[in-house]
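>>> sequence first, predicted coordinates after that:
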Amino acid sequence: MDLDALTGCLASSACLVTQTTSGFIIGMLLFLVAVGLTLIFGVLKVVNFSHGAFYMFGAYFAMTAYQFSGSFALAMLCGAAGTAILGLIFERIFMSRVYGADVLMQLLVCYAFVLIFDDVVRMIWGPEFKSMGMPAAFQVAPLFIAGGVVPPYYLLLIGVALAAAMILGLGLARTRIGKVIRAAAHNPGMVSALGINTGLIYGGVFALGGMLAGLAGALAAPVRSLTPGMGFSVLIESFIVTVIGGMGSILGALIGALLIGLIRSFGSLGFPLFTEGLMYLFMVIVLVSRPTGLFGKEVA
Amino acid sequence: TPWVARAQAKTIKVGMPTILSGRVAQLGTSSRNGVMLEVEKVNAAGGLAGRQIEMVIRDSKGQPQEAARVARELVNTDGCEILIDAEASSGAFAVHEVARDLGVLCLHTNSETSALTADPKQHIPNAFRTARQGVHDSIVGGSYAATIAKAKGLKKWATCSPDYAYGRDTTAEYVTYLKRFAPDIEIISESWPKLFQPDYTEVVTKILQAKPQALYSCLWGGDLTSYIDQANIYALFSQMEVFAVNMADYTALTVVKNLPKGIHSGNRYIKTYPATPENAAWGDAYKAKYNEYPTNWSWENATAIMLLAEASKKANSADGKKIAEALRGLKIKSPFGADGTVTMRAEDQTLVGYAIGWGTTIPQEPYVPQVQAGDWKTIFELEAEWKKSKGYT
Amino acid sequence: MSAQPVVQVQDLDVYYGTSQILFGVGLSVRQGETMALLGRNGAGKSTTMKAIMGLAPARRGTVTLQGRVVSGLKPHHIARAGLGFVPEDRQIFPEHTVEDNLVIGTKKGPNGEDEWPIRRIYDVFPLLEPLRHRIAGRLSGGEQQMLAIARTLMGNPALLLLDEPSEGLAPIIVQRIGELLRQLRGTGATVLIAEQNMHFCLGLASHATVIDKGQIVYTSGIEELKANENIRQRYLAL
Amino acid sequence: MLEIRSLSKSFGGVKATDNVTLDFTDGSLTAVIGPNGAGKSTFFNLITGALKPDAGQILLNGLDLAGRTPPEIVRHGIGRAFQVASIFPSLTVQETMLAAVCADQRKASVLHRRFPLAETRDRAEHAMELLGLASKRNRTAATLSHGDQKLLDIALALVLDPKVLLLDEPTAGMGTEERWRMIEKVRELWETQKITVVFIEHDMDIVFKIAPEIVVLCYGRILATGKPDAIRRNEAVIEAYLGTEHHAGITV
Amino acid sequence: MTELQAEQGVQALEVPHEAKTRRNRDALIALAVFVVLALLPTVFSSKLLLDFVIRCAAYGLFATSLNLLVGYTGLISFGHGMFFGLGAYGFGLMMQKTGVPVPVAFVATLGITFAVALVIGAICVRLKEIYFAFVTLAFQMLIHSTILSWVSLTGGDQGLRGGIPRPPFLGIDLSNQLHLYVASCALLVIGLFLMHQIAQSPFGYTLRMIRDNATRASFIGIDVWRAKLTIFVLAALFASTGGIIMALFVSGAYPEFAYWTISGEGIFINMLGGVTTFLGPMVGTVLLLILNDTVTRLTDYHGLVLGIVILFFAIGLRKGLMDFVVEWYAQRRSGGGERG
Ligand SMILES: Nc1ncnc2c1ncn2[C@@H]1O[C@H](COP(=O)(O)OP(=O)(O)OP(=O)(O)O)[C@@H](O)[C@H]1O
Ligand SMILES: Nc1ncnc2c1ncn2[C@@H]1O[C@H](COP(=O)(O)OP(=O)(O)OP(=O)(O)O)[C@@H](O)[C@H]1O
Ligand SMILES: [Mg+2]
Ligand SMILES: [Mg+2]
């Protein structure tokens, strides 16, 4: 424990701003991964343990595309589109077969794919870790915004994450398709009896969720090492985020991610050896005081 | 039947539990490559006392209970007479217990944790370490860093190492020796990211906040490259001297796309150091065979086979006990030796005399043009002192 | 009235697991008819409706909707072909508002008609209008029932399947729904209704079919049924 | 005697129960009627502890039960059945009954003996006989028809030998025949066991025939209380609830 | 079900003395199983088999206890592994630091588990469904983090080093593989017997009711929170026993024992074997261990192979093996009944 460092930082405005900024950055990156997870849970009531694998594929697709084309935009597109297609296939061929069954069966299918996908990546790209490299356009000096340091690349990331939050949040709440999606989440039988193709909706949602994970992976690829199994550590943190925010709530995921980001950035000052534990502790405290997370719906 | 008996007499099975899946699968594959490269040579030269080596390599997934299970199975069921333990960290201790239980000859090839061999409580006559040892690394690193610190006036230091035994012990030892050689330096910030942490943003900004003159890190592999990529976009490397002990390994050097110039690093495996034809030839042979450069793990595992072969020759037997006897104090010629030889020190059964040094990186081959060699005499002195302070002697 | 039935069910067998629930059920409803499906608890009324809607698996038999075979299709195809289903447990979307429930049910009829704009719904169900922004899960049972019917009407069905629409409703509401259904009948709507409430049903239906133990045992116009003492006593306990 | 003293509960802006004061004397049979959304189920939920009242008292023989948990209240002798049958889908009818009796005998956490306990059987058997579920004893509850599930739900309340039995629309979803059989059973039980019965019901034929006392709720308040004849003629009740058809007395 | 069978069901319930004889029968079966297992080494001298059965005992107890939560009570715990780890560490530390006899350490470890489970359970069982799953996961990670950080006690990520001393007691020497084998079998059989008693007791039915409809259960007078807490703690005790066996087997304890992957494996075992039968998890354990051991032998890509096998179960059968077998058997019987 190093409480002096923490209080010292809280007293210095430069440190405060910088660590808050870095908390926001961490939070936004987490949100980008977590939002797909929470979306899929919200609609399909599937705890998508394979989400991390989609993140991984997004990163690998992007890296490969970047290696061949040298275009960053194309790399991002490949990461997102590739995983969207993968998500659609995954849902239509496999997940759709276990909707009626036990929740745990769905978990099992996801788990199977975590194993399979990791090995597939190992077969295609090899067991060694890889790095995509930062595109030249972003190899510039970091900006100083209100005293906080922000690399331009992270500005892009934050922008994408915020856009995703807005589009999804408003889309689900306001548009008819959003309402239908939420209704299908609750009662697919009735929705289909009203003439709506639930299969299409499910597939679409999974593709969207996969795309978000893939996009997150693609965006993370320039700053993270790529290795089989890389989805795992990201997955657990995203779960913490979604649970704290309330499973299925987009806003919750955003707030949860930012909170975790701040805990990480300030926790690493005050409790450098227990930052991880701090997150779990926080999650326990949130769940004890609010049994369905910050913005979660009451469980029937 | 007699035929089976003869077949058994002909080959000797060597079991090797290692990590072949998950995030650190590379550890297993490059360990396996290092071993197989040497086994082929040994077998071509007649094997261990006339018996061909047959490697039985199994994945432990990095779980200690699996490592223990696999190790037991290799001995009990597959009939392996020797174990090469290519596990990391806790897996090595788990296999160590199996070796204690079954009395089988065991060579730890990857675990650099000093306690594994330095702690007399761990000591068993049938277990050896053919890998570098953490404390050696720290002594050399500390003295190297002190020289630079004095020359450049680096007083304020920060550390950033993975939060597990290797990271903590290595860092603590490194700092100890750094301060010993340059008493006026001060550690003003410590960061302990988790092993395999994907995002280092808070760590990077914390270090930038502290404004140190130098940074020490023993992050390794993918974590190190992630860290470099993320620190790069914060322009961290232009603001301080960086000492990253695990940088100068091809796994990291070849992967990082925008390798900053002038990172100080210890050697892991580098074709050009020791600058001998033997070492270069070994590196090239490896590259030719596996189409990639060897890693730190590769040479450590290769050394295990080299030592086995020599010991068996010396004992004129493939029997585990006799080989163990011969191994103690055995000195062999090696491309990885500081002076062309490495020695299996008898007292604590760990490898000494391997090439160890520090240098600075450049973004292209040979990556580390100048390596300043560590001095084994100093290492031995300080190591003895360290052991005493730990109550190991 | 056209001769061709809006819906025709033939030889329907339905199983739940290994136990057979429906045995060769057949019925047909013509344009403008209100057909009452009567029978005791567990006779198979709901199962028949679900099977027509594609929600219960039919092992044998066909369902023809306006000349088109729809059995074997997915429920949403059947719905788009013009079937509107109000299930017995209502199944409103509890987390959505009343209006969102209606919006979700919005769909053009099979021939592109749109006879049920939301305005008309509120005219017919004036009680729903002040509740439009309420969360549907918190409505009372009766309010939910009205919502369920309204939501299905939003889809402009050619045939309305109503499973016990009066269950749990206050008499005054039952009366209102009765009026509404008569009104619908006046506009030529076709309805298949399963009911336990005989007062309600007999005052409403033009035809009746009696099902017992998964088999159709009697079909006739409503007046004949009223006159048939035997059937009423044997199967309907009236 | 069950006394309700100025009981109130609101959800957001909705006053679902608004300052209700009522007495149910021992051995009474009372019907609670009222428009949909009047707060009838909420009233039951408050009495049985499913909801915590905002204000007011629930006195059972002088003991205030307001704010206690459902298990406590059940043990004090208030049993209830639900508007939508609430059962244990994977248990058979018989297991459901046996388990309920076990719970009533405080043996639900017995670890060292095999289920069912011998001493629980008679009561379970009796309850099943009483509600005509005996022939379906080995059916899994999920496979019962709608009506049978309601019967099972009521049986679950009855088997606990409650002093006060609250039935939320016991006949909903039942056929005419079962409906009457059901309500006859309730009456029989009321007569033989001398328990207090309160039931919510929308079938006015039943209400007017069976219930000596009627309470009419509307918008969370008591609109009227009294004997069937008075209620039937009460203009306010007709307007808010009964409608004209019943008033005219149309029957088949 | 035919009328006849229904009749039989009634009769079975109406014989009052049956409960006792049934329990005696269970005890006899348990004894017989134990004897068979104990005599196994005299027939097969394979050390692999002994190791395998010891591991089955450890994982089997763990998985079956998890099924008391998942299958019987509907509490999906993602953190059950913490008690497995707690057992291993509690026992290992006790033996390393205090040198008490093995049985004392065993009982004391269960005591510690009891206390910890009580506290954690009291917090967790208030939550529902997925939130329960994740709060248990959080506790597990908290314990895992603590093990990693508290290096002076636990040895951090390298685990309890230097082996666990296993001094002989009552002529039993657990450092001897054969003795350990027999002891593990005994613990397994006793554990399964006790858990079976729990599942068949009135409390077992209380759990089923809670799984089906907790609200209704509370309206027949069941204190749902207490019942959930009770089973949470009981299950923890059996999981802890599994951990103790594992610690004895590897002669150490590692943070991985308390990592969430252990819980995941437990769930996975349950799904493979099936959650509707008592022995499902045991079958799942054997299945998974065999699968794991053979597949890792044959290929580096065991994830791929294992994944495909899981898919076969999840999508092909849509239920665990035992569930499938039981259903198939019931169907065959009822089919036969109809024909006959
Ligand atoms: N999911 C199911 N599994 C097995 N059997 C079922 C299932 N659903 C219904 N049944 C059985 O099918 C039969 C017919 O049920 P159905 O719901 O169609 O009757 P109903 O005529 O609608 O009765 P009610 O008037 O009570 O609603 C009943 O005997 C019931 O027990
Ligand atoms: N949990 C809740 N949250 C918010 N509002 C609720 C809740 N439960 C009930 N209400 C509201 O309280 C009012 C009374 O509901 P209640 O269910 O008690 O009606 P009821 O008299 O039983 O009607 P019905 O005869 O249709 O069953 C309704 O307006 C309903 O929307
Ligand atoms: Mg029905
Ligand atoms: Mg109600």
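Yep, it's here. Values in this document were obtained by computation on a predicted structure and should not be read as measured data. Ligands and ions are numbered 1, 2, ... in the order given.
>>> which element is E:T261 on?
Per DSSP states H and E, E:T261 falls inside helix E:260-273.
>>> quick check, C:A36 in a strand?
Yes: counting by DSSP: H, G, I helix; E, B strand; the rest coil, C:A36 is located in a strand.
>>> tell me which residues form a beta bridge with it?
C:I193, C:A208 (DSSP bridges).
>>> name the SS class of D:P35, please.
coil.
>>> burial of it, as a residue count?
For D:P35, the neighbour count with other Cβ atoms under 10 Å in any protein chain shown is 26. Where C-beta positions appear, they are placed from N, C-alpha and C, glycine not excepted.
>>> need the nearest residue in space to it, chain neighbours excluded.
Nearest-residue entry for D:P35: C:A170, 4.7 Å, with adjacent residues in sequence omitted and distances by Cβ to Cβ, 6 or more residues apart in numbering or on different chains.
>>> sorry, back to before: what about the next helix or strand after the helix holding E:T261, distance to the chain center?
Using DSSP H and E, the helix or strand that follows helix E:260-273 towards the C-terminus is helix E:280-298. Centroid displacement of helix E:280-298 relative to its chain, using Cα atoms, centre = their mean, to the nearest Å, is 15 Å.
>>> contacts for the next helix or strand after helix E:280-298, please.
Using DSSP H and E, the helix or strand that follows helix E:280-298 in sequence is helix E:302-311. Defining contact as Cβ atoms under 8 Å, 6 or more residues apart in numbering or on different chains, one finds that helix E:302-311 is touched by A:94, A:108-109, A:111-116, A:118-120, A:123, B:21, B:59, E:268, E:272, E:291-292, E:295-296, E:298-299.
>>> buried residues in helix E:302-311?
Of the residues in helix E:302-311, E:H302, E:G303, E:L304, E:V305, E:L306, E:G307, E:V309, E:I310, E:L311 count as buried by neighbour count, 16 or more other Cβ atoms under 10 Å in any protein chain shown.
>>> returning to what we had before: which pLDDT value goes with the residue nearest to D:P35?
pLDDT for C:A170: 80.
>>> what about the helix holding E:T261, near chain A?
Yes: for helix E:260-273, a contact with chain A is found by Cβ under 8 Å from any Cβ of the partner chain, at E:W260, E:G264, E:I267, E:F268, E:N270, E:M271.
>>> just send the buried residues of helix E:302-311 back as a markdown table, with pLDDT and distance to ligand 1 too.
Formatted as a markdown table, the buried residues of helix E:302-311 follow (pLDDT from 0 to 100; distance: Cβ to the nearest ligand atom, whole Å):
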| residue | pLDDT | distance to ligand 1 |
| --- | --- | --- |
| E:H302 | 83 | 40 |
| E:G303 | 85 | 38 |
| E:L304 | 89 | 38 |
| E:V305 | 89 | 37 |
| E:L306 | 86 | 35 |
| E:G307 | 89 | 33 |
| E:V309 | 86 | 31 |
| E:I310 | 84 | 29 |
| E:L311 | 86 | 28 |
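>>> any chance of the residues you listed in JSON lines, with distance to E:L317 too?
Shown next, in JSON lines, are the buried residues of helix E:302-311 (distance: Cβ to Cβ, whole Å):
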{"residue": "E:H302", "distance to E:L317": "21"}
{"residue": "E:G303", "distance to E:L317": "21"}
{"residue": "E:L304", "distance to E:L317": "20"}
{"residue": "E:V305", "distance to E:L317": "18"}
{"residue": "E:L306", "distance to E:L317": "16"}
{"residue": "E:G307", "distance to E:L317": "16"}
{"residue": "E:V309", "distance to E:L317": "11"}
{"residue": "E:I310", "distance to E:L317": "11"}
{"residue": "E:L311", "distance to E:L317": "10"}
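>>> which one of the residues you listed is nearest ligand 3?
E:L311 (37.9 Å; Cβ to the ion).
>>> so how far is A:F232 from the closest one?
Here E:L311 is placed at a distance of 20 Å from A:F232 (Cβ to Cβ, to the nearest Å).
>>> now the helix holding E:T261 against helix E:280-298, angle please.
110 degrees (axes from the mean of the first three to the mean of the last three Cα atoms, to 10 degrees).
>>> buried residues, stretch D:12-23. List them.
Quick answer for stretch D:12-23 (16+ other Cβ under 10 Å): D:K15, D:A16, D:T17, D:D18, D:V20, D:L22.
>>> kindly format the C-alpha coordinates of that stretch as CSV.
Output of stretch D:12-23 as CSV, limited to C-alpha atoms (Å, rounded to 0.1, in the frame of the first residue of the first chain):
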residue,chain,number,x,y,z
GLY,D,12,-44.3,5.7,-7.9
GLY,D,13,-47.3,8.0,-8.3
VAL,D,14,-49.9,5.1,-8.3
LYS,D,15,-51.7,4.6,-5.1
ALA,D,16,-52.4,1.0,-5.4
THR,D,17,-53.7,0.7,-1.8
ASP,D,18,-54.9,3.9,-0.2
ASN,D,19,-55.6,3.9,3.5
VAL,D,20,-57.6,0.7,3.6
THR,D,21,-59.2,-0.3,6.9
LEU,D,22,-61.1,-3.5,7.1
ASP,D,23,-61.9,-6.3,9.5
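>>> centre of the chain to that stretch, how far?
Distance, centroid of stretch D:12-23 to centroid of chain: 19 Å (Cα atoms, centre = their mean).
>>> alright, that wraps it up for me.
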